[in-house]
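Novice: missing the sequence, but the structure's below:
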């Protein structure tokens, strides 16, 4: 019989819920963002199951996820309605307090999928179509039982987010709770979860025990192994963190794109301003000519008909200049609007990016994603500079050389090769070898693998990709490319 363990992970939060975190929990994404999330190799979102997600609202009411207010807004309104202050919401705060307890509830994958979908056929392959699925009443009742468990201990009013995700590999709940000291009417992590790590460990252990007795046993879920013993981290938390890392990386890219957009718009603005200034100068010149002709009309010895013709041409040019000025003024206004909007978005991105980085801290996984981005860029340049246009004209021997170079492998299996190369670049030799073997490859990079002290980034990444390509081949198909 498959393992049936319950899961309850608890994370202390002193920085509050960022907009990106709130959007993730509420699935407050447009179609473009859903496409980005679904295509992210580090995530497991299934857009065809997004309609199955739901929330448990105050009083234990099952309803579709309400995205009209972010979690931060809901928390602020909850505190304001009770006259309670956020201890971190004051100028020059030196030591931030934990103001939220973020829970993830779930269980062993097979049992949770059964709770969510019963006997329906669920495909967990990336890109699969699961739009035929319906969620069961069991998953709703389980979620309500968990909600009641949380509300009983921490108070219904202190739950500011309770979202059930059925669109990932393992169904789970994200729950945000304000740790409230009811006697003093203030937020206090220490009053609710303990004054030190020993008290906190005992309180968490009792919560796990109580969850099994009050909820787990009813739904066929046993108490999970103590994380203090296993040193393990629940997959959903790990995946959630990876998603935050991807979000930080995406925000960084967005910041860079906005800076480029602002730079282009400012260059355009300067050019348009110069054109407008030149048009005004020409307009003044035309007006001087018109004034001069006007003074000449009726004087002795002048051809009034010729002057009238010149005046007509100048008036037409004046009209043309005014039209050009109006057109370029609109272009100027548009450019200014673009810059203003881009700078506003940039300020928001910078704030969101810094908040997300605070949550992650100095994270090795974040470095992994940044390395992956750089290697993907290098990988693409390798493809661009390849011999693809000449492939059909090559001899059999030339084709064989091309295969030995790793070109065919890169074209056929780029995603897995990049993942393995990333592990190699970070020095995770054992993990890279295990990953390659799990994908059907056969072997390690060999003894003495590592980066030479004088090796630049581009050459190092090329070596990682090349050796990864060799590692990803079946054992019988290895070639000599890895030693190059």
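Specialist: Yep, it's here. This is a predicted model, so every value here is computed, not measured.

Novice: buried ones in the helix or strand harbouring residue 461?
Specialist: Using DSSP states H and E, residue 461 falls within helix 457-471. In terms of neighbour count (16 or more other Cβ atoms under 10 Å), helix 457-471 has its buried residues at 460-471. (Each C-beta comes from the backbone N, C-alpha and C, glycine too.)

Novice: kindly report the same for stretch 276-293.
Specialist: For stretch 276-293, by 16+ other Cβ under 10 Å, it's 276, 279, 282-283, 286, 289-290, 293.

Novice: in helices, which of those residues appear?
Specialist: 276, 279, 282-283, 286, 289-290, 293 (DSSP state H).

Novice: which residues of the protein score low on pLDDT?
Specialist: 1-3, 41-43, 224-255, 257, 344-392, 402-415, 475-484 (pLDDT under 70).

Novice: can you name every helix or strand that the strand or helix carrying residue 78 contacts?
Specialist: Taking DSSP H and E as the definition, residue 78 sits inside helix 71-81. Counting by 3 or more Cβ pairs under 8 Å, 6 or more residues apart in numbering; DSSP states H and E, the packing neighbours recorded for helix 71-81 are helix 19-26, strand 159-165.

Novice: switch the cut-off to 6 Å
Specialist: Where contact means 3 or more Cβ pairs under 6 Å, 6 or more residues apart in numbering; DSSP states H and E, helix 71-81 is packed against strand 159-165.

Novice: next one: the strand it packs on to chain centre, how far?
Specialist: The chain centroid and the centroid of strand 159-165 are separated by 20 Å, computed with Cα atoms, centre = their mean, to the nearest Å.

Novice: strands paired with it, and their directions?
Specialist: Strand 159-165 has the following strand partners under DSSP bridges: strand 54-57 (antiparallel), strand 172-177 (antiparallel).

Novice: for the shortest one, buried residues please.
Specialist: Taking 16+ other Cβ under 10 Å as the neighbour-count basis, strand 54-57 is seen to contain the buried residues 54-56.

Novice: so what does the helix holding residue 461 touch, helix or strand wise?
Specialist: Using 3+ Cβ pairs under 6 Å, 6+ apart: helix 457-471 touches helix 364-384, helix 414-425.

Novice: need the next SSE after the shortest one, C-terminal direction.
Specialist: This means helix 414-425. helix 429-438.

Novice: so the most far-flung residue of the chain relative to its centre, which of the three states?
Specialist: Using Cα atoms, centre = their mean, the residue of the chain lying farthest from its centre is residue 300. It sits 80.6 Å away. Put simply, residue 300 is coil when judged by DSSP: H, G, I helix; E, B strand; the rest coil.

Novice: all strands for the stretch 51-200 of the chain, in order.
Specialist: Ranges of strands in the stretch 51-200 of the chain, per DSSP state E, counting those that start in this stretch, are 54-57, 61-63, 100-107, 159-165, 172-177, 180-181, 186-187.

Novice: can you lay out those as JSON lines showing distance to residue 130?
Specialist: Formatted as JSON lines, these follow (distance: least, Cβ to Cβ, whole Å):
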{"stretch": "strand 54-57", "distance to residue 130": "16"}
{"stretch": "strand 61-63", "distance to residue 130": "21"}
{"stretch": "strand 100-107", "distance to residue 130": "19"}
{"stretch": "strand 159-165", "distance to residue 130": "14"}
{"stretch": "strand 172-177", "distance to residue 130": "17"}
{"stretch": "strand 180-181", "distance to residue 130": "39"}
{"stretch": "strand 186-187", "distance to residue 130": "40"}
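
Novice: nearest to residue 219, of the ones you listed?
Specialist: strand 100-107 (7.9 Å; Cβ to Cβ).

Novice: no further questions, thank you.
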